[in-house]
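**Q** okay, predicted coordinates and the sequence, questions at the end:
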Amino acid sequence: MSAGSGWPQPEVWREPTPGEELALLRRARSVAVVGASPNPSRASYFVSTYLTSATGFEVYFVNPRASQILGRPVYPSLAALPVVPDIVDVFRKAEDLPLVLEETLAVGSPVLWLQLGLWHPAVADAGARAGLTVVMNRCLKIEHARFHGGLHMAGFDTGVISSRRR
């Protein structure tokens, strides 16, 4: 669901333009995936696989109930990370988002990215007032692939460059 399709609109926050999204993806060096799951059937696992294999991002996983995802350590919180992530990519329930915002602000990360299906006007407004760039209802994997030539209907790069329909 997009901003114009029935969700209440935030008062302060505004959706980043495609150019602004591209700029923040180019600036970013590290991503923390909050709510990362070791379960291969979860969206966070699929996105994490892409982020670790097809981007230059340093990827950190945050989940207090997991110890390892994709062979990497998992941290219990953003505060436990060894770096301040450039992007906090969130896979949590909407009711958990105010806490994630607090944690994001506390560690000093500049971008709060709420994955597809996550729309929280109060969190977006509070984040914008605090100086964060807030992206809502967007998939980091899809947006990265869109700007880097790897977007395909199935969500992966086919390796074929052609304008011809099959």
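**A** Nice, I can see it.
**Q** residue 25 against residue 142, yeah?
**A** No. Using Cβ atoms under 8 Å, residue 25 makes no contact with residue 142, being 11.6 Å away. Yep, even glycine has a C-beta here, placed from its N, CA and C like the rest.
**Q** which one's more surrounded, these two?
**A** residue 25 (21 against 16; other Cβ atoms under 10 Å).
**Q** run through the residues that contact the more buried one.
**A** 143-144, 147 (Cβ atoms under 8 Å, 6 or more residues apart in numbering).
**Q** would you work out how far apart the start and end of stretch 27-43 are?
**A** From its first residue to its last, stretch 27-43 covers 25 Å (Cα to Cα, to the nearest Å).
**Q** in it, what counts as buried?
**A** Buried residues in stretch 27-43, counted by 16 or more other Cβ atoms under 10 Å: 28, 30-38, 43.
**Q** surely residue 37 is in contact with residue 46?
**A** No. Contact between residue 37 and residue 46 fails when scored by Cβ under 8 Å: they sit 9.7 Å apart.
**Q** closest one of the buried residues of stretch 27-43 to residue 95?
**A** residue 35 (12.7 Å; Cβ to Cβ).
**Q** follow-up on the earlier one: okay, and which of the contacts of residue 25 map to helices?
**A** Of the contacts of residue 25, the ones assigned to helices by DSSP state H are 143-144, 147.
**Q** could you dump those residues into a markdown table with distance to residue 88 added?
**A** Converted to a markdown table, the ones in helices among the contacts of residue 25 look like this (distance: Cβ to Cβ, whole Å):
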| residue | distance to residue 88 |
| --- | --- |
| 143 | 15 |
| 144 | 15 |
| 147 | 19 |
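**Q** now those: which count as buried?
**A** Applying 16+ other Cβ under 10 Å to the ones in helices among the contacts of residue 25 flags 143-144 as buried.
**Q** before we move on, back to that, nearest to residue 126 among the buried residues of stretch 27-43?
**A** Closest approach to residue 126 among these (Cβ to Cβ): residue 34, at 16.6 Å.
**Q** which phi and psi does the closest one have?
**A** In terms of degrees, to the nearest 10, the main-chain angles of residue 34 are phi -90, psi 120.
**Q** so it touches residue 93, yeah?
**A** No. Counting by Cβ under 8 Å, residue 34 does not reach residue 93; the two are 11.5 Å apart.
**Q** chain center to the strand or helix carrying residue 50, what's the gap?
**A** Using DSSP states H and E, residue 50 falls within helix 43-54. Relative to the centre of its chain, helix 43-54 is centred 11 Å away, using Cα atoms, centre = their mean, to the nearest Å.
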